[in-house]
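[1] Here is my input, please return the structure:
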Amino acid sequence: MRISRVLLCLFVVVLLGIVTAPIGLAAGEEEVEPEKPVLRFSHGYAGASAKAPVFEPALTEYITEVSDEVIIEPEYVSGTDRIEQVMIDVAAGDPPDVMLFWASEANIGDMAREGVLMDIDELIAESDVINRDDFTGWPTTNIDGTYYGIPYEAFSGFMLANRRLFDEHDLEIPETMEEFEEVSAVFRENDIIPFSMGSSAGDPGHLFFSQLVYQFENGFEDTEAMYDTRDFDYYANRRAAETVHEFIEMNAFPDDTVSVGGWDEQLAPFTEGRAAMIFTFPWITGTLVSDGDPEDYEVMRVPKHPDAVRDPGEYTVGGISQQVCVSREAWENESKREHILEFVEWLVADEMFAALAEDTGMEIPKDVDWDMEGLTDLEREIIEVTSEQELLPMHEEYFHEPAHFDYYKSAIDELYAGRDVDAFIADVDEFINE
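    All right, here's what the predicted structure looks like:
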């Protein structure tokens, strides 16, 4: 009996061991690790971007550091082609999980209203390190009262003159349209393009158009009201369009304004010494310094028109060009949420902003201490001048839909190429009211 009880106890112990022991792998099988979440990250700070030398190595290092827990897949497409790529992904129901993307109604309005993007304040509420008050530029990320991105890259327009060319021809840098016409005539006589300005897909022409509009009576006020009024046919827009024609008539622009449209195409004549003046933005500063002769360049004011009621030296146009956006679907995925939060916290950390500002001259929308010692005298001058000017948003922020903004940019191309002012105004006004 005693032996039977012992055997019974042994049988129970063995049976329990079989039930509770982990199931072993079959011969030849390898243990499979749990699948890591994958975050797709769309950005434009690679390739020929002036930010690439700073951003890409830092991003690669971060991806390596977190590789045991999450796979981060960078997706880089240059320039505004990235907008098209993201829109294709969105239409296919597969938007990037995190992206650096253009701000404003015209660029993110549809994605916001269709639920593609998350309310970024939800992410900030879960963060112990992101302080909303440290950032400026929030209105540009606002769609219908909700904020869909953290401001990442700011921009302010500025105008430069090649002082060497002015000195060689015994000219003073112009401050008025009358003076601008005088120096343009001299430069043209010497086979120099007076003003490297054109427009292709709206760039950079639409930005300079806004800069011109705000000189005239109620220019900014009527533009700001355009979202509600849908009225493009107002006095300042007409005067600015007429001013573009004045530049054309004085032969200030390149002969082909479309081929000189686009940022690289606009910059080349200036850095090569074939153009005397340029109106541009911080994202070309790195190329301006590396390809040109920055010691020859001087910040100048946009010429004041005789009919101006506002001094163009007291303001400039700009805002937020890039913001950090997060996919709503990705944020609601519990396997991704923690990693998204940590990645965004890394993106907007003081150290990243300081490095981008110090090494590339990027205009940052966060209150961060950084050292300007590494910048050239020209870069410091640009920052000092634009920081003293009032920063006004462009027309871009007051269109209802991306399609309206796209049509406007195409019309701007035609305006710089010489299209009639009445036709330009009427076409844009009609399209945004369809």
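
[2] Tabulate the CA atom coordinates of stretch 88-97 in PDB.
    C-alpha atoms of stretch 88-97 as PDB (Å, rounded to 0.1, in the frame of the first residue of the first chain):
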ATOM      1  CA  ILE A  88      -0.400  59.100 -52.000                       C
ATOM      2  CA  ASP A  89       0.300  57.200 -48.800                       C
ATOM      3  CA  VAL A  90      -2.700  58.900 -47.100                       C
ATOM      4  CA  ALA A  91      -5.000  58.000 -50.000                       C
ATOM      5  CA  ALA A  92      -3.800  54.400 -49.700                       C
ATOM      6  CA  GLY A  93      -4.700  54.400 -46.000                       C
ATOM      7  CA  ASP A  94      -1.000  54.100 -45.000                       C
ATOM      8  CA  PRO A  95       0.300  57.500 -43.800                       C
ATOM      9  CA  PRO A  96       3.700  57.800 -42.100                       C
ATOM     10  CA  ASP A  97       3.500  57.300 -38.400                       C
END
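
[3] And the strands in the stretch 101-250 of the chain?
    142-143, 146-147, 150-156, 158-162, 193-196, 199-200, 203-204 (DSSP state E, counting those that start in this stretch).

[4] I'd like those laid out as CSV, including mean neighbour count and mean pLDDT.
    Placement of C-beta: from N, CA and C, glycine included. Below are the strands of the stretch 101-250 of the chain laid out as CSV (neighbours: other C-beta atoms under 10 Å; pLDDT from 0 to 100):
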stretch, mean neighbour count, mean pLDDT
strand 142-143, 18, 91
strand 146-147, 18, 96
strand 150-156, 24, 96
strand 158-162, 23, 98
strand 193-196, 25, 98
strand 199-200, 24, 96
strand 203-204, 24, 96
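
[5] Of all those, which one comes closest to Ala52?
    strand 150-156 (13.6 Å; C-beta to C-beta).

[6] ok, back up a step: can the strands of the stretch 101-250 of the chain go into a markdown table with extra columns for distance to Thr285?
    Listed next are the strands of the stretch 101-250 of the chain as a markdown table, based on distance: least, C-beta to C-beta, whole Å:
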| stretch | distance to Thr285 |
| --- | --- |
| strand 142-143 | 28 |
| strand 146-147 | 28 |
| strand 150-156 | 10 |
| strand 158-162 | 9 |
| strand 193-196 | 15 |
| strand 199-200 | 21 |
| strand 203-204 | 14 |
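
[7] Looking at those strands, which is nearest to Glu414?
    Judging those by C-beta to C-beta, what sits closest to Glu414 is strand 199-200, at 8.5 Å.

[8] how close does Trp263 sit to Met226?
    26 Å (C-beta to C-beta, to the nearest Å).

[9] mind giving me the domain split of this protein?
    For the chain, automatic domain parsing gives the domain ranges 38-155+319-374, 156-316+380-432.

[10] Next up, the contacts around Ala349.
    By C-beta atoms under 8 Å, 6 or more residues apart in numbering, the contact list for Ala349 reads Val129.

[11] quick one: it and Val324, what's the gap?
    Look at Ala349 and Val324: by C-beta to C-beta, they are 12 Å apart.

[12] Low-confidence bits of this structure, can you list those?
    1-34 (pLDDT under 70).

[13] What angle do strand 150-156 and the longest strand along it make with each other?
    Longest strand in the chain, counting residues (DSSP state E): strand 315-326. Angle of strand 315-326 versus strand 150-156, following axes from the mean of the first three to the mean of the last three C-alpha atoms, to 10 degrees, is 160 degrees.

[14] which other helices and strands contact strand 315-326?
    strand 98-101, helix 120-126, strand 150-156, helix 205-213, helix 334-347, strand 390-392 (3 or more C-beta pairs under 8 Å, 6 or more residues apart in numbering; DSSP states H and E).

[15] CA atoms of the longest one as CSV?
    Looking back up the chat, that one is helix 334-347. Provided in CSV are the C-alpha atoms of helix 334-347 (Å, rounded to 0.1, in the frame of the first residue of the first chain):
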residue,chain,number,x,y,z
GLU,A,334,-0.7,50.5,-28.1
SER,A,335,2.5,48.8,-29.3
LYS,A,336,3.7,52.0,-30.9
ARG,A,337,2.5,54.7,-28.6
GLU,A,338,5.4,54.7,-26.1
HIS,A,339,8.0,54.6,-28.9
ILE,A,340,6.3,57.5,-30.7
LEU,A,341,6.3,59.6,-27.6
GLU,A,342,10.0,58.9,-26.9
PHE,A,343,10.9,59.6,-30.6
VAL,A,344,9.0,62.9,-30.7
GLU,A,345,10.6,63.9,-27.4
TRP,A,346,14.0,63.2,-29.0
LEU,A,347,13.1,65.2,-32.1
